[in-house]
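Participant: What shape does this take:
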Amino acid sequence: MTAATPIAADPRPPSAVSGGAGLAGIAGVFAWIMVARHYHMDGPYAALVNLVACGVPMALWSLLVDKVHRNLSTGIDWTGPRPWRETIDISLTKLAGLWITWGGIALIYATGRFYWIGNFAFAMWCLTWAAPVLFVCSVPYVLWIDRRLVAPRDGAWMLGAWMTGQAGVEREAIYNHLRSWGVKAFFLAFMLGGLPGGFGEFVRGDLSVVLRDPVALSLWLIALMFLIDMAFATVGYVLTFRPLDSHIRTANPFAAAWMAALICYPPLTLMMDGGVLDYHIGTASWTYWLQWHPVLLALTGAVLVGLTGIYAWATVAFGPRFSNLTNRGILTHGPYRWTRHPAYWSKNLFWWISTVPLLSTGSLVDAARATLTLMAVSGVYYWRAKTEERHLMLDPDYRAYNDWILRNGAIALVLAWVRRRGKAV
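Facilitator: Model prediction:
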């Protein structure tokens with residue numbers, strides 16, 4: 001007698017984005033990397049093409065395979081667009097709101113001197129060239145999308161309506177609109193600025209060297225993981241469109257969340273060299289402490305590559321939806337099948353293993369300071385996780401996922417195994 005196949009009693013909540021979208025982006029990235037390496041294209045323009053190679057396959061997969069444009073969450077009704085005469089006033093008001101928002105962002109960029117030096121200078125060059133294109137294309141896009149939106153009076157319209165003295169303005173919609181564009185403005189500049197360096201570092205890697213040296217191989221593969229992470233993250237900040245169902249539903253409304261996130265990124269980074277939370281003083285990297293132990297050196301390198309791979313995987317899982325401080329749909333697949341914060345776990349474990357703060361090239365006091373400082377850095381990421389959860393818990397889909405992960409996540413499975421072993425003994 002054959003037992004019936006059991007039906008899962010606790011199914012995982014569905015994910016807002018499919019794994020296929022991320023795989024399509026990965027395929028595009030690897031295809032372009034192979035071309036770039038073959039033709040020695042390691043400059044900033046090649047790094048920008050890498051964004052296209054990542055984003056276009058994901059957009060096509062999302063539209064042609066996942067058909068995300070038909071999701072109710074897009075807020076789009078494709079059955080019959082309204083006549084343009086019914087929505088033209090709405091569209092003009094929305095364009096006014098968008099343009100004043102972009103003007104404010106441009107003013108912030110122009111005022112901040114740090115945006116025009118170092119890596120940020122490349123980002124400003126990109127955005128300067130993109131601004132006229134964005135301005136011109138916004139007109140037909142808004143005119144087109146407003147005819148199909150179920151509720152076209154969104155945050156941009158609310159801002160435009162407030163500026164022009166119209167009725168029906170909702171302050172919270174304006175605040176959410178400004179927060180959403182604040183996220184894009186802050187993080188997109190950082191992501192664009194970091195693209196050329198990471199891309200060039202990997203493309204210039206010499207296989208004749210890295211394949212003979214475990215440390216060089218580890219560092220080269222780590223560079224690849226960060227290249228993938230940066231590509232997907234940058235694309236995520238660009239592809240915030242309702243037809244892709246990748247628009248920002250809400251931006252985090254809590255000041256503590258913004259504080260916890262922004263101190264982890266330039267120009268506000270507290271962990272940078274010489275910063276308040278610089279934990280590198282008096283320390284040396286894993287390659288220094290293990291240089292006379294080749295087996296441990298190789299094993300540690302493999303662990304660090306694996307942790308960086310999890311970090312990149314956590315970004316890839318978002319597909320075209322990656323973004324800090326926002327809700328663009330709840331993820332439940334990939335590494336989020338096991339934990340709510342795979343990127344934070346892997347990043348912090350990477351820092352502890354690669355830095356080895358308990359050891360010091362100076363004194364025991366230096367070792368204690370480095371250890372306590374890195375503990376504070378990990379505390380910042382715990383703070384980030386909790387403030388993000390506070391925002392996402394406003395979404396019933398996240399509450400369902402949160403409850404499920406508490407029952408079925410990695411920690412829950414380990415605790416269940418320990419309890420079973422305890423009863424067996």
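
Participant: Which helix in the chain has the most residues?
Facilitator: Counting residues, the longest helix in the chain under DSSP state H turns out to be helix 171-203.

Participant: Tell me which other helices or strands it touches.
Facilitator: For helix 171-203, the packing partners by 3 or more C-beta pairs under 8 Å, 6 or more residues apart in numbering; DSSP states H and E come out as helix 19-38, helix 44-60, helix 84-111, helix 119-146, helix 155-163, helix 214-238, strand 250-251. C-beta here means a position set from N, CA and C on the backbone, and glycine is covered the same way.

Participant: what's in contact with the helix or strand bottoming out on mean pLDDT in the chain?
Facilitator: Using mean pLDDT, DSSP states H and E, the weakest-scoring helix or strand in the chain turns out to be helix 410-424, at a mean of 87. Identification of contacts with helix 410-424 by C-beta atoms under 8 Å, 6 or more residues apart in numbering yields Trp338, Thr339, Ile405, Leu406.

Participant: Can you say which of these are buried?
Facilitator: Trp338, Thr339, Ile405 (16 or more other C-beta atoms under 10 Å).

Participant: What residues does the last one make contact with?
Facilitator: Contacts here follow C-beta under 8 Å, 6+ apart; on that basis Ile405 touches Thr339, Arg340, Ala412.

Participant: Could you rerun that using 10 Å?
Facilitator: Residues near Ile405 by C-beta atoms under 10 Å, 6 or more residues apart in numbering: Arg12, Pro13, Thr332, Tyr336, Arg337, Trp338, Thr339, Arg340, Ile411, Ala412.

Participant: Okay, angle between the helix or strand it falls within and helix 410-424 too, please.
Facilitator: Following DSSP states H and E, one finds Ile405 within helix 396-408. Using axes from the mean of the first three to the mean of the last three C-alpha atoms, to 10 degrees, the inter-axis angle of helix 396-408 relative to helix 410-424 is 30 degrees.

Participant: buried sites along helix 396-408?
Facilitator: Buried residues in helix 396-408, counting neighbours by 16+ other C-beta under 10 Å, are found at Asp397, Tyr398, Tyr401, Asn402, Trp404, Ile405.

Participant: would you turn these into a markdown table with distance to Ala47 and pLDDT?
Facilitator: Output for the buried residues of helix 396-408, formatted as a markdown table (distance: C-beta to C-beta, whole Å; pLDDT from 0 to 100):
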| residue | distance to Ala47 | pLDDT |
| --- | --- | --- |
| Asp397 | 35 | 98 |
| Tyr398 | 34 | 98 |
| Tyr401 | 34 | 98 |
| Asn402 | 37 | 98 |
| Trp404 | 38 | 98 |
| Ile405 | 35 | 97 |
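
Participant: out of these, who's nearest Met272?
Facilitator: Of all these, Tyr398 has the smallest distance to Met272: 31.8 Å, by C-beta to C-beta.

Participant: Looks like the closest one contacts Arg328 (just checking).
Facilitator: No. Assessed by C-beta atoms under 10 Å, Tyr398 is found out of contact with Arg328, at 11.8 Å.

Participant: any weak-confidence spans in the protein?
Facilitator: Low-confidence segments of the chain, defined by pLDDT under 70: 1-8, 425.

Participant: quick one on the thing from earlier: tell me how far the helix or strand that the longest helix of the chain is followed by is from the chain's mean position?
Facilitator: For helix 171-203, the following helix or strand on the C-terminal side (DSSP H and E) is helix 207-210. Between the centre of helix 207-210 and the centre of its chain there are 31 Å (C-alpha atoms, centre = their mean, to the nearest Å).

Participant: Next, the buried residues of stretch 66-81.
Facilitator: Residues Asp66, Val68, His69, Asn71, Thr74, Gly75, Ile76, Pro81 are the ones in stretch 66-81 that count as buried (16+ other C-beta under 10 Å).

Participant: same question, stretch 90-102
Facilitator: For stretch 90-102, burial by neighbour count (16+ other C-beta under 10 Å) applies to Ile90, Ser91, Leu92, Thr93, Lys94, Leu95, Ala96, Gly97, Leu98, Thr101, Trp102.

Participant: Could you measure from the first one over to Arg384?
Facilitator: Ile90 sits 37 Å away from Arg384, taking C-beta to C-beta, to the nearest Å as the criterion.

Participant: before we move on, what about Arg179?
Facilitator: As judged by C-beta to C-beta, Arg179 and Arg384 stand 16 Å apart.

Participant: Name the residues of stretch 30-49 that are buried.
Facilitator: Across stretch 30-49, burial judged by 16+ other C-beta under 10 Å covers Trp32, Ile33, Ala36, Met41, Asp42, Pro44, Ala46, Ala47, Leu48.
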